[in-house]
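**Q** The following block contains a protein sequence and its predicted model.
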Amino acid sequence: TALFDDNGRHTGYGKVTRDLTEQRAVEHELSERRRLLNHLVHAQEVERRRIAWDVHDDSIQSMVAVGMRLQLLAARVPEEHTRLLEQLDETVRAAISRLRGLVFQLRPTAIDRHGLIPALSAYLDSIVAGWGLKPVLDSTLDIEPPPATALTIFRICQEALNNVHKHARATTVTVTVRGVEDGIGVRVVDNGVGFRPDLRSSQAHEHFGLIEMRERSETAGGWWTVDSAPGRGTTVEFWLPVPR
């Protein structure tokens, strides 16, 4: 800015500078934090996939073979032993079902084979419905997001649905998926008891699942919100960009 004296003569220039050191340091810390979180999430997914495949290809297949042998044996033993073998077969079937549920929680194979929406649908039908909830999936998504984006969306939905199961005391939950502004918007709504979502309170540690969902969304370049109040249910909403 030019400076002049009382007679209008030019005497110099004025310049205002700002120290951006602290701002740059905060930006760098945030960027480093997101980078480390991204590496951590990737490492978790790799380990989950390895464990899921090991359980599916080893433990479950062995249990299936045991069940088949029990069925063959039940057809050959005296009738007084048949009921015992049938009970053992039921126990094996229940164990296989629990192991398959564990595999689904660790790494839904449907997301690799069929995509995001079939994976969400299978999770709602196989897991969420088993909690006694009535799940609804409302999707008009006409594109398949990249694998990393699809997996992030699935994990956030999974965490939101787990929270409904653990805390909401709801009877219905609706998952809505839409293509929105070069990205994907998702909403998870339940009709449960609701709560006061103050993540800054002294009880923030009780909302670790909410914090994890927000971190996943922001790390992927999106946003996340939660809207709830006692007596009127909870709405979790987030948006993630889809790289062109």
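**A** Looks like it came in fine.

**Q** quick one: the residue nearest to the spatial centre of the chain from residue 9, how far?
**A** Closest to where the C-alpha atoms of the chain average out (Cα atoms, centre = their mean) is residue 155, at 1.8 Å. Residue 155 is 68 Å from residue 9, where distance means Cβ to Cβ, to the nearest Å. In short, each C-beta sits where N, CA and C put it, glycine included.

**Q** can you list contacts of stretch 45-63?
**A** For stretch 45-63, the external contacting residues (Cβ atoms under 8 Å, 6 or more residues apart in numbering) are 92, 95-96, 99-100, 102-103, 106-107, 109, 151.

**Q** any chance of the residues you listed in CSV, plus distance to residue 118, neighbour count and secondary structure?
**A** Formatted as CSV, the contacts of stretch 45-63 follow (distance: Cβ to Cβ, whole Å; neighbours: other Cβ atoms under 10 Å; DSSP: H, G, I helix; E, B strand; the rest coil):
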residue, distance to residue 118, neighbour count, secondary structure
92, 28, 19, helix
95, 26, 15, helix
96, 22, 18, helix
99, 21, 16, helix
100, 16, 15, helix
102, 20, 15, helix
103, 16, 20, helix
106, 18, 19, helix
107, 15, 22, coil
109, 10, 16, helix
151, 14, 23, helix
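
**Q** And the strands in this protein?
**A** 2-4, 10-13, 134-139, 172-179, 183-190, 223-228, 234-241 (DSSP state E).

**Q** pLDDT-wise, what's the bottom of the contacts of stretch 45-63?
**A** When these are compared on pLDDT, residue 109 comes out lowest, with 70.
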